[in-house]
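Colleague: The sequence isn't on hand, but the structure is:
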């Protein structure tokens, strides 16, 4: 998880800049210059890296280039005083562009445009300056607007800032899993070795519990008849304590599962939407705090056949607006087509009415593919999308970390 997080962390603030120029030298004989602007970052070894090239403005000595967005890491490695070399050219369709002039700038200078002020530089041609006694410049280039200065935080910023990850485990107790007394059942009660659900629960849960801040998992079940009235429930606490469905660590979930199984009747149908909606209610309460304080992850373990597909899609679309993600673990060898549809990797998931998810929040993992894999391989697959999903949510809501890290690389550039 640390590796995944570090891949996503980084200097990812960005700015929107808009440049224009005035009275550029005319390089064309029968028309006016067709100018474009290039910005290069000067590296520590004096090499130059192209950061951005504007579009060409045809036949115009006073061009206004379109605004553009560029990351601060690309622009200046998040060092405000790093030099930028900016060149203005007259475009030639054969690639032999005519040099008009250049100037040097820094992001520190550019920030003067934040208050709506215009910042300008003389566009200089060194050859003309050396030859012509009265040479002033080859025009001026003006930063008309530094439109926005965004600070996009990384996953590690949120975690280090105090955001807590809370896991809820939801286990499929529908009859399609098979009678637990039958050795072919995915829920088979075997005193000598764990069944398929326990194998998946332990393998995945031990990975997840390291990132659950208080090491407590909410543990729910769905699709079973439960005591005392043996009515079907699609969102019951497997410890049978509706006032406190949390278990101490993954071992607590395992113990509650083993204790629960003999007391319930596997039934159906396989309705997943109620579980998603239940966790979504908790996430909605969290959203009201308007802080990056807790992000919810629902870990659904199922044999794969969803009965309420329409309602489930609707619930996922609603949940995509909340601080939560869903990881679905496919147990057994069933057809997981429904799960792959919910994952949305092959296309944007939509509600039955056609409303798309705000963001992709579902990750499907068939456990059978990882029975013999290393814990690291399973961890990367199970948690691969979570850092990105956390950042996407809080960025969309414009919620900063509760306690931003002062040593974050681009903290000086925030606004």
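Modeller: Cool, got the structure. What you see is a predicted model, and the numbers here were worked out from it, not measured in a lab. Numbering: from 1, shown residues only.
Colleague: Show me the helices in the protein, by range?
Modeller: Assigned helices in the chain, in chain order: 2-8, 72-76, 107-110, 126-131, 155-160, 196-208, 249-260, 273-287, 309-319, 337-343, 375-383, 386-397 (criterion: DSSP state H).
Colleague: shaky segments in the stretch 51-200 of the chain?
Modeller: Scanning the stretch 51-200 of the chain for pLDDT under 70 picks out the ranges 148-152.
Colleague: And the strands in it?
Modeller: For the stretch 51-200 of the chain, the strands defined by DSSP state E, counting those that start in this stretch occupy 68-71, 83-90, 98-106, 119-122, 140-150, 164-172.
Colleague: who does the closest residue to residue 102 other than its chain neighbours bridge with?
Modeller: Nearest residue to residue 102, sequence neighbours excluded (Cβ to Cβ, 6 or more residues apart in numbering): residue 87, at 4.5 Å. No exception for glycine: its C-beta is placed from N, CA and C like everyone else's. Taking DSSP bridges as the rule, residue 87 bridges to residue 38, residue 102.
Colleague: burial of residue 87, as a residue count?
Modeller: Per other Cβ atoms under 10 Å, the neighbour tally for residue 87 reads 19.
Colleague: End to end on stretch 331-347, go ahead and measure it.
Modeller: Using Cα to Cα, to the nearest Å, the end-to-end distance of stretch 331-347 comes to 24 Å.
Colleague: related to what we said a few turns ago, check the gap between the residue nearest to residue 102 and residue 223 for me.
Modeller: If you measure residue 87 against residue 223 using Cβ to Cβ, to the nearest Å, the figure is 66 Å.
Colleague: Next: residue 173.
Modeller: Following Cβ to Cβ, the distance that separates residue 173 from residue 223 is 5 Å.
Colleague: shared neighbours, these two?
Modeller: Shared contacts of residue 173 and residue 223 (Cβ atoms under 8 Å, 6 or more residues apart in numbering): 266-267.
Colleague: Including mean neighbour count and distance to residue 46, could the helices of the chain go into JSON lines?
Modeller: As requested, those are exported to JSON lines (neighbours: other Cβ atoms under 10 Å; distance: least, Cβ to Cβ, whole Å):
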{"stretch": "helix 2-8", "mean neighbour count": "14", "distance to residue 46": "29"}
{"stretch": "helix 72-76", "mean neighbour count": "21", "distance to residue 46": "15"}
{"stretch": "helix 107-110", "mean neighbour count": "17", "distance to residue 46": "18"}
{"stretch": "helix 126-131", "mean neighbour count": "11", "distance to residue 46": "17"}
{"stretch": "helix 155-160", "mean neighbour count": "22", "distance to residue 46": "32"}
{"stretch": "helix 196-208", "mean neighbour count": "21", "distance to residue 46": "46"}
{"stretch": "helix 249-260", "mean neighbour count": "19", "distance to residue 46": "54"}
{"stretch": "helix 273-287", "mean neighbour count": "19", "distance to residue 46": "49"}
{"stretch": "helix 309-319", "mean neighbour count": "21", "distance to residue 46": "51"}
{"stretch": "helix 337-343", "mean neighbour count": "19", "distance to residue 46": "48"}
{"stretch": "helix 375-383", "mean neighbour count": "17", "distance to residue 46": "39"}
{"stretch": "helix 386-397", "mean neighbour count": "20", "distance to residue 46": "35"}
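Colleague: about what we covered before: and the strands of the stretch 51-200 of the chain, which is most packed in?
Modeller: Comparing the strands of the stretch 51-200 of the chain on average neighbours per residue, with mean count of other Cβ atoms under 10 Å, the densest one is strand 164-172 at a mean of 24.
Colleague: Need the residues that contact that one.
Modeller: 159, 197, 201, 205, 208-209, 211-214, 217-223, 235, 238, 253, 257, 270, 275, 279, 293-303, 331.
Colleague: Of those, which belong to strands?
Modeller: 217-222, 294-302 (DSSP state E).
Colleague: any chance of the strands of the stretch 51-200 of the chain in JSON lines, plus distance to residue 262?
Modeller: Converted to JSON lines, these look like this (distance: least, Cβ to Cβ, whole Å):
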{"stretch": "strand 68-71", "distance to residue 262": "57"}
{"stretch": "strand 83-90", "distance to residue 262": "70"}
{"stretch": "strand 98-106", "distance to residue 262": "71"}
{"stretch": "strand 119-122", "distance to residue 262": "74"}
{"stretch": "strand 140-150", "distance to residue 262": "55"}
{"stretch": "strand 164-172", "distance to residue 262": "14"}
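Colleague: Out of the ones you listed, which gets nearest to residue 57?
Modeller: Proximity to residue 57, assessed across the strands of the stretch 51-200 of the chain by Cβ to Cβ, is greatest for strand 83-90 (10.6 Å).
Colleague: between that closest one and strand 140-150, how big is the angle?
Modeller: Strand 83-90 runs at 130 degrees relative to strand 140-150, counting by axes from the mean of the first three to the mean of the last three Cα atoms, to 10 degrees.
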